[in-house]
Every structure is written in structure tokens, then in C-alpha cells.
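*Asks:* fold the following and give me the result.
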Amino acid sequence: TGALLAFEPQIKAFVERDARTVAAPPDAVRLSPQSLIEKVRTAKPDAKPSSLIIQNNPNAAAVVANGRAGNLYVNPYTGEVTGESSKSANAFFGFLTDAHRGLALGSENYVIGRAITGACNVAFLFLAISGLYIWFPRKLTWRHLKPIAVLKLNVTGRARDFNWHNTIGFWTSLVLIVLTLTAVVISYQWASNLVFVLTGNEIPAPQNQQRPPNAEQQQPIIPANINDLWSRAESQAGNWKSINLRFPAQQTAPIVFAIDEGKSWNVFGRSQLTLDAKTSEVVKWETYNEQNWGRKLRSWFRFTHTGETGGIIGQIIAFLACIGGAFLVYTGFSLSLRRFRAWLLRRSKARTKPQTEHV
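*Replies:* Coordinates of the predicted model:
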């Protein structure tokens, strides 16, 4: 499932390419956020907007999240809904994500599925580290490296399983350690807290855990003064690349913007602006570079797990490592079963040997 999810962003972007792009008229001016939301509600009366993303790109459609129905793409100049998230792509990747996180056991057994995948992450991390230690040669010479570094395609049976297990493990172990280590941090609150402890930072207040599939969500509230709030966000970060506002669940809750300023090597790094819901005054402005190392690392872990922090190259590496991990499971079980059969055969011979000698 990890391998199949590796290129989800690119696949969705390709499938939805027509809806995500617009032709910018000469001297065009974007509609206000309030106007965009109103036009969306007119075109889609059943829509339940939960967030709004506007990019500082004249040819990019605005994105209105519509709960579990997916995204609505909106022409920022006319308010026309240019398209929706691909239902087939959402269904396919939604199932894969559910299987990846919770074994697709359904909302009623989601906690059980998460517990199983979390434990498997810890086990896989141990196997990857211990396997690298056990099989890594004591001498770094080609004669010692060759047996575990060169894949043999002309062997069969146990020799094939042994060579493939060692060779694939040699080339993928470091990546698999990174993928499973980041997965452990994502899976367990104690592991996430440990990131802050090790960096000497205060552990943040617990956030809502990932919701089970199809869980009920509270209807977000669109602030009546959203235009004033948005203008404040734009002026706070003059060279912004994108602004994302997740609508609050309560009328008086602080308004929190995630702003991409394009200043960090971490392409997913976001500055955070908190505004007073009534007055639009700044409550807190924290650029990404000002965030503590615990928060920065936690952000890196999330997108390093998918390979996205390395761009398309990172995603390809993560994809190949996941395929390699599947081969490690196959060859590992195969080697174990061969040893088990050999043990049963020796035991069987040991039982029949005294009878033969007596006769």
C-alpha cells in the first residue's frame, strides 16, 4: 500500500489538471473570499466548505474543501466551479490510505487496525536495523560486499531467496529504517512527544487524532468577516505563495492561517498566523523558521515518510524501498519455511532411525 500511495499527489494532479488550472484574464482581479464561498454555495447548494486555499499563481484555481466529498476547484476571477476532486481517484486512494493506516477494517474497528499497523511498524523497524547489523560485512572490501550487493538472477530455490533477501536488504535497509522510524512517530503519541523531548522543547497540547473513516465531523463555521481576516493574512506575509484557512468549528474560536512563504528548504513548511475572530487583530505570528526544532522535525517526519520532502526523486526512492520491503517479507518467509521443513525432516528421520536399527 505504501508503494501504491507513493505517487498519489502526481496522479491526482494529472487526473484533475483541467479543473485545477484557469486562464487569467488581462488585469484580472481575484474575487474576495466571501464572494468565492457564496458562488460555490450557489452552484453547489449541498456543499459544506471546510477550508479555502488560494495560491499566488494567476493560473491556479482556488480550492474549497468540501468535507469528505473532496475538493471543489473554483475560478478565482469569476467564482465558477471548474471541477471537483476525481471521485474514482479519491475512492481508490482513500481505500489504500485506510488499508495503510488501519487495515481497512472500517470505522468500528479503526482503533484495532491502527494498533496492528503501529505494532508492525515497530517490528519492521527492529528487523531493518538488526538485519543491517547482522548481514553487513565486517570488512569493507569488494570481496566481502559482493555477496550482499550484487543481485543474482540466475539462481533458484534457497540460493535465490538468500541472495535476494541480502541484496535487496543491503540496498533498501537505510531507506526502510527512515520510512518505518517516521511511521512510528506518526503512529504513537509517545514517539511524537519524544521528538520534542529530545530537541529540548515543550510537548504541545494533544491534537485530535486521525479520525476513523466516515466519522462524523462538526460543521465548520465561515467567519462573517472573512474578507478582513484574509486581507490581514495577505499583508502579514507580503510574498506569500499560498494561504490556507481551515474554518473553525466554533464561532469564537481563533482564526488560524497556514501560509506558505516559500522561504524554507522544507517545501511543506508553513508559517502560522492566528487572528482574533472578532477584531482581526494578530494574536500570534510564527514564521516557519521561528518554530522550534520539535515542530520542524515533526513536519519533516510527516512528508519524509512519503518521500515527498525529496521531491519526485524522494518519492521514487520511497516507492522502490516499499517494493523492496515486500520482497524482503516474501524471501524472509520463504527462508523460514525452508528451515522449518528441514527441521521437520530431521525430526522425522530421528524418530524412524531407532526402529530401522532394531529391525
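*Asks:* show me what contacts Asn90?
*Replies:* Counting by CB atoms under 8 Å, 6 or more residues apart in numbering, Asn90 makes contact with Gly70. Just so you know, the C-beta spots here come from the backbone N, C-alpha and C atoms, and that holds for glycine as well.
*Asks:* list the buried residues of the helix or strand that contains it.
*Replies:* Secondary structure assigned from DSSP states H and E places Asn90 in helix 87-102. Using 16 or more other CB atoms under 10 Å as the test for burial, helix 87-102 gives Ala89, Asn90, Phe93, Leu96, Thr97, Asp98, Ala99, His100, Arg101, Gly102.
*Asks:* okay if I get those residues as JSON lines plus pLDDT and distance to Pro26?
*Replies:* JSON lines is the format used below for the buried residues of helix 87-102 (pLDDT from 0 to 100; distance: CB to CB, whole Å):
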{"residue": "Ala89", "pLDDT": "96", "distance to Pro26": "34"}
{"residue": "Asn90", "pLDDT": "94", "distance to Pro26": "35"}
{"residue": "Phe93", "pLDDT": "96", "distance to Pro26": "38"}
{"residue": "Leu96", "pLDDT": "97", "distance to Pro26": "43"}
{"residue": "Thr97", "pLDDT": "96", "distance to Pro26": "42"}
{"residue": "Asp98", "pLDDT": "96", "distance to Pro26": "46"}
{"residue": "Ala99", "pLDDT": "96", "distance to Pro26": "48"}
{"residue": "His100", "pLDDT": "96", "distance to Pro26": "46"}
{"residue": "Arg101", "pLDDT": "95", "distance to Pro26": "46"}
{"residue": "Gly102", "pLDDT": "94", "distance to Pro26": "50"}
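*Asks:* returning to that earlier point: restrict the helix holding Asn90 to CA atoms and write it as CSV.
*Replies:* Taking C-alpha atoms only, helix 87-102 is exported to CSV below (Å, rounded to 0.1, in the frame of the first residue of the first chain):
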residue,chain,number,x,y,z
LYS,A,87,-14.4,10.5,-7.3
SER,A,88,-12.6,7.4,-8.7
ALA,A,89,-9.2,8.6,-7.6
ASN,A,90,-10.5,9.6,-4.2
ALA,A,91,-12.2,6.2,-3.7
PHE,A,92,-9.1,4.3,-4.8
PHE,A,93,-6.5,6.3,-2.8
GLY,A,94,-9.0,6.6,0.1
PHE,A,95,-9.2,2.8,0.4
LEU,A,96,-5.4,2.5,0.1
THR,A,97,-4.9,5.0,2.8
ASP,A,98,-7.5,3.3,5.0
ALA,A,99,-5.7,0.0,4.4
HIS,A,100,-2.3,1.5,5.0
ARG,A,101,-3.3,3.1,8.3
GLY,A,102,-5.9,0.8,9.7
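*Asks:* now it, how far from the chain's geometric center?
*Replies:* The gap between where helix 87-102 is centred and where its chain is centred comes out at 12 Å by CA atoms, centre = their mean, to the nearest Å.
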